[in-house]
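K.L.:
Next one to model:
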Amino acid sequence: MLLQPRELDRLLLFQAASLARARRERGLLLNAPEAIAIIADTACEAARDGASHAEAIAAATAALGPADVLPGVPSLVGHIEVEALFGDGTRLLLIIEPLGPGASDGPGSVQAASVVDEPVAGVRELAVTSTARVPIAVTSHWHFFEANRLLDFDRAAAWGMRLAIPTGSTIRWAPGETHTVPLRPFTGRRIAFGFSGLVNGPLDAPGALEQALALAAERGYLGAGA
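P.N.:
Purely as a prediction, here's the structure:
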């Protein structure tokens, strides 16, 4: 059976959630990865069962509480992002504080270090409009060319680029909202694999952009051309 990268990721999440649930049934308090696995799996299964975007988030938020996890874990799980398959396609779910607010100075709390902003070469700005009926969020290291198909922008201009924002952070679009976002080139080997499955190879290979644009247009990604 040939599985796509996204399907393999879903199986790994299911296995992690099953292990976490077995430990919980033995009376163990969960650590952060175990709690994240159960919450994310609950969201995915709710979506698969026909829940709406809001209902899937509500189910995930109700999956666990502070009493189910080790001290300090709520501070480590400020939000969870997971792609879930709904009846009308895949959407990113942003689950905020699923275990409740964490203590700002308690066990497991994260203290932000001061960061000095330095100019980054190759940064460009791109206007992006959401045509979706639900909120959309894109993380810092997602290949922006492959961002949600209902985000309308010049896909070719975003080839090989990611959001120029702090690692792990996101930019969120409300329905109908437009943001002008900063993009910066990927560095290193510049190989995109996974994401939305539009590339799965070297970004700088001859014809890679043209092939990805054609595939994106075929799959209904806005801004990819006819």
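
K.L.:
Ala216: neighbour count?
P.N.:
Using other C-beta atoms under 10 Å, Ala216 has 22 neighbouring residues. C-betas here are computed from N, CA, C, even on glycine.

K.L.:
Check which helix or strand it maps to.
P.N.:
helix 208-218 (DSSP states H and E).

K.L.:
buried set for that helix?
P.N.:
Going by neighbour count (16 or more other C-beta atoms under 10 Å), the buried part of helix 208-218 is 208-209, 212-213, 216.

K.L.:
okay, these in a markdown table with pLDDT and distance to His53 next?
P.N.:
Output for these, formatted as a markdown table (pLDDT from 0 to 100; distance: C-beta to C-beta, whole Å):
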| residue | pLDDT | distance to His53 |
| --- | --- | --- |
| Ala208 | 96 | 33 |
| Leu209 | 96 | 32 |
| Ala212 | 96 | 27 |
| Leu213 | 96 | 28 |
| Ala216 | 95 | 23 |
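
K.L.:
from these, which is closest to Thr131?
P.N.:
Ala216 (15.1 Å; C-beta to C-beta).

K.L.:
quick one: contacts for that closest one?
P.N.:
By C-beta atoms under 8 Å, 6 or more residues apart in numbering, the contact list for Ala216 reads 145-146, 149, 155, 198, 224.

K.L.:
In these, which residue is surrounded by the most others?
P.N.:
Greatest neighbour count in the contacts of Ala216, by other C-beta under 10 Å, goes to Phe145: 29 neighbours.

K.L.:
Double-check that that one belongs to a helix.
P.N.:
Yes. Counting by DSSP: H, G, I helix; E, B strand; the rest coil, one finds Phe145 located in a helix.

K.L.:
mind checking how far the one helix or strand in the chain whose mean pLDDT sits lowest is from the chain centre?
P.N.:
The least trusted helix or strand in the chain, going by mean pLDDT, DSSP states H and E, turns out to be strand 89-96, with a mean of 86. Centroid separation for strand 89-96 versus its chain: 7 Å, with C-alpha atoms, centre = their mean, to the nearest Å.

K.L.:
Quick check: can you name the pairing partners of that strand and their directions?
P.N.:
In the sheet, strand 89-96 lines up against strand 79-86 (antiparallel) (DSSP bridges).

K.L.:
who's in contact with the strand it pairs with?
P.N.:
Contact with strand 79-86 is made by 6, 13, 36, 39-40, 43-44, 46-48, 53, 56, 60, 90-98, 137, 139, 170, as judged by C-beta under 8 Å, 6+ apart.

K.L.:
Just the buried residues of those residues.
P.N.:
Buried by 16+ other C-beta under 10 Å: 13, 36, 39-40, 43-44, 46-47, 53, 56, 60, 91-95, 98, 137, 139, 170, out of the contacts of strand 79-86.

K.L.:
Narrow those residues to those in helices?
P.N.:
13, 36, 39-40, 43-44, 46-47, 53, 56, 60 (DSSP state H).

K.L.:
Out of those, name the two that are farthest from one another.
P.N.:
The distance between the two most remote of those (C-beta to C-beta) is 19.4 Å, for Ile36 and His53.

K.L.:
State the pLDDT value of Cys111.
P.N.:
Small correction: residue 111 is Gln, not Cys. pLDDT for Gln111: 51.

K.L.:
hang on, I meant Asp88
P.N.:
With respect to pLDDT, Asp88 scores 82.

K.L.:
which residues of the chain score low on pLDDT?
P.N.:
Residues of the chain meeting the criterion pLDDT under 70: 102-121, 226.

K.L.:
make it 50
P.N.:
Within the chain, the segments meeting pLDDT under 50 span 109-110, 112-117.
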